[in-house]
Each structure stands twice: as structure tokens, then as C-alpha cells.
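# model the following, please.
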Amino acid sequence: MPTPWCSDQDWQYMAFEENLNSHSRAVALALDDHELSVRVQAALAITELVIVHDSVRDAVSPQVGKVVQADADFLKLSLETDLDILNHSRTKRS
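Here you go, the predicted model:
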């Protein structure tokens, strides 16, 4: 709500930043979720937030190792899954 010392535009910006911070913290917490699908979506979301918003990039930068590790884990899992599917299809054809 605008006040005499805070313009409507300033108020909207502060509300936007507070909302953005809240969402980015929730996404960062989701990186530790026990469900793989939640972690995948969180990694995708945090990537987009970092690309678009400098304030999120600054907030996430101390945690970059965790995000990179999550991406590496997803890549490894993806490769393993692809190999499992390939092996399964080979045994079915034989």
C-alpha cells in the first residue's frame, strides 16, 4: 500500500521483489524434495529465475554447487534411464 514516503511504483516494486524472493526460496527448497519429478521441475524453474532476474542470480550464487550437483545427478539418471530402455528393447527383440 502506498504511503506518503513511498510512491505507488516503489510499493509495487517492493511487493514484486518480496514475491520473487518468496518463490525463489520455495523453488530452492524443492531441490531437496524426495520426489524426482519435483527436483527436476525445481532445477528447471531455478534456471529460468536465474536467467531472468538478477536478484535471484545473486541470491542463488552461493548455492551454485548444489544446483550444479542436482543437474549432474539428473544427467546421470537420464543416461542410466536411456540405457535401461535401450537394454530392455534389445532383450525384447532377441
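# make it CA atoms for all contacts and neighbour counts henceforth
Will do.
# which regions of the chain lie under the pLDDT threshold?
Applying pLDDT under 70 to the chain flags residues 1-5, 82-94.
# just the helices from it, written as ranges.
Under the criterion DSSP state H, helices of the chain are mapped to 8-30, 36-52, 54-60, 64-93.
# so what's V40 closest to, chain neighbours aside?
Excluding the flanking residues, the one nearest V40 by CA to CA, 6 or more residues apart in numbering is F74, at 7.3 Å.
# could I get the contacting residues of L49?
L49 makes contact with 24, 56-57, according to CA atoms under 8 Å, 6 or more residues apart in numbering.
# of these, which is the nearest to L36?
S24 (18.7 Å; CA to CA).
# what sits against that closest one?
46, 49, 56.
# kindly recompute the last result at 7 Å.
46, 56 (CA atoms under 7 Å, 6 or more residues apart in numbering).
# separation between it and T81?
29 Å (CA to CA, to the nearest Å).
# again, but for H23
31 Å.
# ok, the two, which is more surrounded?
Higher neighbour count among H23 and T81: H23, with 16 against 12, using other CA atoms under 10 Å.
# what sits closest to the most centrally placed residue in the chain if chain neighbours are left out?
For the chain, the residue nearest the mean C-alpha position is I46 (2.6 Å; CA atoms, centre = their mean). The shortest distance from I46 to any residue other than its chain neighbours is 6.4 Å, reached at V27 (CA to CA, 6+ apart).
# can you count the residues close to the one you found?
Around V27 there are 20 residues (other CA under 10 Å).
# repeat that for V56.
Every residue meeting other CA under 10 Å relative to V56 is counted, giving 21.
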